[in-house]
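Undergrad: compute the structure for the input listed below.
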Amino acid sequence: MVTWTWRSFRELTTDELYELLRLRQDVFILEQTCIYPELDGADHKSHHLLARDKKGSLAAYLRLVAPGGKYKEPSIGRLVVRREVRRKGVARALMLEAIRKCRQLYPKQAIHIQAQAYLESFYKSLGFKPAGEPYDEAGIMHVEMLLAPA
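TA: Residues are numbered from 1 along each chain as shown. Predicted coordinates for the structure are as follows:
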């Protein structure tokens, strides 16, 4: 069982901010050995979705960046799932909640993601379509993808 909490950047507590930055660091930088500018300035323009397990630990996270924050469309990014809860449907549930929130906040707009290429079929299963050729970013192949407006 996962509980969802949405927060604007200003609503995040210092403990929540520490937790989410730690999870992003543990997975993206340490586990995936990807050196990139993790603190990119977009967090201030984002809504943050924290998914907690039944013990209250941060199990997964993503951010929803407002239109113009990274792309002209709203975007979903920094999706991360703690290793122990992977392959249990958490990422899909997280994305569905993010799409729902995005449609609520920004109706009639496409949703942009910058997907790791190996996850392209996962995002396609949610309705996203490639919007360009794959490219290397910090040693990991990525592809831009869009979900058409509802």
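Undergrad: quick one: residues in contact with the least confident helix or strand in the chain by mean pLDDT.
TA: The weakest-scoring helix or strand in the chain, judged by mean pLDDT, DSSP states H and E, is helix 14-24 (a mean of 86). Contacts to helix 14-24, defined as Cβ atoms under 8 Å, 6 or more residues apart in numbering, come from residues R7, L12, E38, L39, H48, L50, L58, Y61, R78, V80, R82. The C-beta positions use only the backbone N, C-alpha and C, and glycine is treated the same way.
Undergrad: and what of stretch 70-84?
TA: Where contact means Cβ under 8 Å, 6+ apart, the residues beyond stretch 70-84 that reach it are 23-24, 27-28, 31, 42, 57-67, 69, 90-91, 94-95, 98-99, 102, 105-106, 109-114, 146.
Undergrad: what about those, which are in strands?
TA: The strands in this structure, assigned by DSSP state E, contain 58-65, 111-114, 146 from those.
Undergrad: among the residues you listed, which one sits closest to P130?
TA: L146 (8.3 Å; Cβ to Cβ).
Undergrad: tell me the bridge partners for the closest one.
TA: Taking DSSP bridges as the rule, L146 bridges to H112, K129.
Undergrad: contacts only, for it.
TA: Taking Cβ under 8 Å, 6+ apart as the criterion, L146 is in contact with E73, A110, I111, H112, I113, F128, K129, A131.
Undergrad: please apply the same query to V143.
TA: When contacts are counted by Cβ under 8 Å, 6+ apart, V143 is found next to Q114, A115, A117, E120, P130, A131, G132, E133, P134, Y135.
Undergrad: and it, what element?
TA: With elements taken from DSSP states H and E, the one containing V143 is strand 140-147.
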